[in-house]
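Novice: model the structure of this input:
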Amino acid sequence: MRKRALDKSDNRTGNIRADGRKRRDLFELSVAYGLILIALWTPQPWQRWLSLVALAWVVLATCYSFDGWKTMGFRAAGFWASLWVVGVALVLAAGAVFLAFQLKTLHAPTPLTLIFRRYWAYTIWSLLQEFLLLNFFLLRLLRLLRGKTMAAMAATGLFGFAHLPSPILTAVTLIWGYAACLIFLHYRNIFTPALAHAIFGISIAITIPGPVDHNMRVGLGFLTYRPPRPVQRSQIDQTVSTVAWVMADAPTRRC
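Specialist: A predicted model of the protein is given here:
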């Protein structure tokens, strides 16, 4: 009898702790996503400051509710097994480049080595964006919702909604976001999704003219975009904005 009573007491304690963790997850997620949306739809210079506030909140919440490096995918295990994802991204990017060359919309910097100099910062942004999607959103939604599929769909929906009103980026992120969630859940490695994200983003930047995708801006930046010159099918001066939250234009423009 005493053992059974102790078991019931332990179960109640465990349920209370689980409920408390869920409430904290919901609070952290809601505040972070709210700050991101507010920053996206706020004009400069306030957008930059709000973006820093959102980043600070994400860092603090991550440190307070630390899930562990292994759980967050910051590990070597799973990298080589999931490297095929990067290969698929390279093949798709090559196809996009070939199509853009045929349509005369390709505006890749020359020589091609300038791609690494111009877009290295975007690779870092890609890791940050995958961290938000896979670590901050997905891991919390896994505890809030029932089943991995529901959590992946919810995280993808949040990720895609943040890219409105850009039709191109919203469509791409809905497709890639869901795929990235499934890949992450299977291999539990964040680096291959981040590399694939960078490849997709750079391929969009050099194959779609700025006046078409508004230099990959989202939120208020998409609506207020004005092309620096008359609309052309090919545009050399292409900058890439952050995909999850635009602080203006991402620092990818290089001399």
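Novice: show me what the helix or strand containing residue 200 is packed up against.
Specialist: Residue 200 belongs to helix 191-207 when assigned by DSSP states H and E. When contacts are defined as 3 or more CB pairs under 8 Å, 6 or more residues apart in numbering; DSSP states H and E, helix 191-207 sits against helix 84-103, helix 114-130, helix 167-187. Every residue, glycine included, has its C-beta placed from N, CA and C.
Novice: which stretches of this protein have low pLDDT?
Specialist: Applying pLDDT under 70 to the chain flags the ranges 1-15, 111-113, 229-255.
Novice: any idea which residue sits dead centre in it?
Specialist: Taking CA atoms, centre = their mean, the centroid of the chain lies closest to residue 129, which sits 2.9 Å from it.
Novice: pretty sure that one contacts residue 197?
Specialist: Yes. Contact criterion CB atoms under 8 Å: residue 129 and residue 197 qualify, at 6.4 Å.
Novice: how far away is residue 102 from residue 176?
Specialist: Distance, residue 102 to residue 176, using CB to CB, to the nearest Å: 24 Å.
Novice: no, scratch that, I was asking about residue 74
Specialist: Taken as CB to CB, the span from residue 74 to residue 176 is 20 Å.
Novice: repeat that for residue 147.
Specialist: 21 Å.
Novice: ok, these two, which is more surrounded?
Specialist: residue 176 (22 against 9; other CB atoms under 10 Å).
Novice: who touches residue 164 in this structure?
Specialist: Contacts for residue 164 (CB atoms under 8 Å, 6 or more residues apart in numbering) come out as 170, 218, 219.
Novice: repeat that with 10 Å
Specialist: Applying CB atoms under 10 Å, 6 or more residues apart in numbering, we find residue 164 in contact with 37, 40, 41, 170, 218, 219, 222.
Novice: I'd say the first one and residue 51 touch.
Specialist: Translated: residue 37. No. The pair formed by residue 37 and residue 51 falls short of the contact definition of CB atoms under 10 Å, at 11.4 Å.
Novice: tell me which of those two has more neighbours.
Specialist: Neighbours per residue, other CB under 10 Å: of residue 37 and residue 51, the larger number sits with residue 51, 21 against 18.
Novice: secondary structure element holding the more buried one?
Specialist: Going by DSSP H and E, residue 51 is part of helix 46-64.
Novice: list of residues touching that helix?
Specialist: For helix 46-64, using CB under 10 Å, 6+ apart, the contacting residues are 24-25, 27-29, 31-42, 72, 128, 131-132, 135-136, 139-140, 219-221, 242, 244-248.
Novice: how many neighbours does the closest residue to residue 181 other than its chain neighbours have?
Specialist: Once flanking residues are discounted, residue 181 sits nearest to residue 152: 3.7 Å by CB to CB, 6 or more residues apart in numbering. If you count neighbours by other CB under 10 Å, residue 152 ends up with 25.
Novice: ok, now how distant is the residue nearest to the centre of the chain from residue 91?
Specialist: Distance from residue 129 to residue 91, counting by CB to CB: 22 Å.
Novice: likewise residue 183?
Specialist: Taken as CB to CB, the span from residue 183 to residue 91 is 16 Å.
Novice: same thing with residue 57?
Specialist: 38 Å.
Novice: common neighbours of residue 129 and residue 197, please.
Specialist: Counting by CB under 10 Å, 6+ apart, the shared contacts of residue 129 and residue 197 are 122, 173, 177, 180, 243.
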